[in-house]
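Participant: take a look and give me a structure for this.
(one chain, ligands or ions: 1)
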Amino acid sequence: MIRFDKVSKVYKRGARPALDRVSLEVARGEFVFLVGASGSGKSTLLRLVLREERATSGRVHVAGREITSLSQWKVPGLRRQIGVVFQDFRLLPNKTVFENVAFAQQVTGRPRHTISREVPETLELVKLAGKEKRLPHELSGGEQQRVAIARAIVNRPNILLADEPTGNLDPATSAGIMTLLDRINRTGTTVVMATHDEVIVDQMRKRVIQLVDGEVVRDESEGRYVVSSAARSAAAGEEERA
Ligand SMILES: Nc1ncnc2c1ncn2[C@@H]1O[C@H](COP(=O)(O)OP(=O)(O)OP(=O)(O)O)[C@@H](O)[C@H]1O
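Facilitator: As a prediction, the model looks like this:
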């Protein structure tokens with residue numbers, strides 16, 4: 001679904017590469033965590049998948065297409081296959097919950113009857129039924145992130161990219177968002193999530209790709225990513241209290 005072949009990204013000539021000969025493959029339906037310190041290249045990697053940036057060298061394949069050389073007019077078609085969620089939600093502040101999600105369908109030209117069916121279905125899925133008429137500032141952070149997730153998945157993308165989606169949320173709320181992302185993944189959507197949150201990564205037991213200074217230093221499949229047992233029992237406590 002996503003393949004990087006020796007991909008490097010240099011933003012400014014002479015600067016250290018933000019990504020340095022990264023090769024990786026994410027199969028259809030996988031759930032992958034992208035971890036690494038601030039500045040290690042996680043957001044750059046996600047931006048390359050979206051073709052918000054172009055690789056300086058190497059090849060990026062997304063959904064069967066090589067996108068480094070994709071013509072600009074084909075980029076919207078690529079992006080329609082990808083949902084994106086950010087740390088800061090990025091909702092339209094003057095639109096209701098319903099309108100925020102519907103907007104994602106309007107811009108892709110969905111007919112009104114499709115919108116009036118699929119928006120409520122999606123809000124049900126993210127457990128926001130009954131809050132359709134609220135404005136973003138009338139919601140908690142966790143609810144705002146659920147709206148953002150609904151907006152990201154309403155057009156049923158093949159891929160969901162999440163850049164620190166729990167970064168602004170407390171542990172209990174984060175756990176709810178992770179359950180939701182896991183459910184979306186189980187419907188077949190490939191999920192790539194950048195995060196700093198080791199407790200979440202440890203709890204979820206998914207594949208982990210770690211970047212250090214733009215290089216992949218670790219790529220391990222589920223269950224083999226181990227943080228301290230103290231962190232594990234703290235996380236279990238959070239779950240019980242939630
Ligand atoms: N638009 C840009 N122009 C120049 N340099 C950039 C740009 N975007 C990112 N960089 C640099 O590229 C490197 C990787 O940044 P990136 O944002 O991908 O890291 P990150 O792992 O997502 O960090 P964070 O966890 O803080 O979001 C950093 O050294 C950063 O300063």
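
Participant: which bits of this protein sit near the ligand?
Facilitator: 11-12, 18, 36, 38-44 (Cβ under 6 Å from any ligand atom). The C-beta positions use only the backbone N, C-alpha and C, and glycine is treated the same way.

Participant: separation between Val84 and Arg21?
Facilitator: Note on Val84: its distance to Arg21, by Cβ to Cβ, to the nearest Å, is 25 Å.

Participant: swap that for Glu52, please
Facilitator: 20 Å.

Participant: near Leu125, how many other residues are there?
Facilitator: 18 (other Cβ atoms under 10 Å).

Participant: that older thread, TSV please, covering the residues of the chain next to the ligand and showing neighbour count.
Facilitator: Output for these, formatted as TSV (neighbours: other Cβ atoms under 10 Å):
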residue	neighbour count
Tyr11	11
Lys12	7
Ala18	24
Gly36	22
Ser38	7
Gly39	13
Ser40	21
Gly41	25
Lys42	27
Ser43	19
Thr44	21
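
Participant: in strands only, show me these.
Facilitator: Using DSSP state E, no member of these falls in strands.

Participant: mind putting those in a markdown table, pLDDT included?
Facilitator: Conversion of the residues of the chain next to the ligand to a markdown table gives the following (pLDDT from 0 to 100):
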| residue | pLDDT |
| --- | --- |
| Tyr11 | 97 |
| Lys12 | 94 |
| Ala18 | 97 |
| Gly36 | 95 |
| Ser38 | 93 |
| Gly39 | 94 |
| Ser40 | 96 |
| Gly41 | 97 |
| Lys42 | 97 |
| Ser43 | 96 |
| Thr44 | 98 |
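
Participant: so where does the most centrally placed residue in the chain fall, helix or strand?
Facilitator: For the chain, Ala162 is the residue whose C-alpha lies nearest the centre (Cα atoms, centre = their mean; 1.6 Å). Element membership for Ala162, per DSSP states H and E: strand 159-163.

Participant: what is the neighbour count of Val126?
Facilitator: So Val126, with other Cβ under 10 Å, has 26 neighbours.

Participant: and the closest residue to it other than its chain neighbours, which helix or strand is it part of?
Facilitator: Spatial nearest neighbour of Val126, chain neighbours left out: Arg146 (4.2 Å); criterion: Cβ to Cβ, 6 or more residues apart in numbering. Using DSSP H and E, Arg146 sits in helix 141-153.

Participant: CA atoms of that helix as CSV?
Facilitator: Provided in CSV are the C-alpha atoms of helix 141-153 (Å, rounded to 0.1, in the frame of the first residue of the first chain):
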residue,chain,number,x,y,z
GLY,A,141,-10.8,17.6,23.0
GLY,A,142,-11.5,13.9,22.6
GLU,A,143,-14.8,14.6,20.9
GLN,A,144,-13.1,17.1,18.6
GLN,A,145,-10.6,14.5,17.6
ARG,A,146,-13.5,12.0,16.9
VAL,A,147,-15.0,14.6,14.5
ALA,A,148,-11.6,15.0,12.8
ILE,A,149,-11.4,11.2,12.5
ALA,A,150,-15.0,11.0,11.1
ARG,A,151,-14.1,13.7,8.6
ALA,A,152,-10.9,11.7,7.6
ILE,A,153,-12.7,8.4,7.1
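
Participant: what about the chain, any weak spots by pLDDT?
Facilitator: 222-242 (pLDDT under 70).
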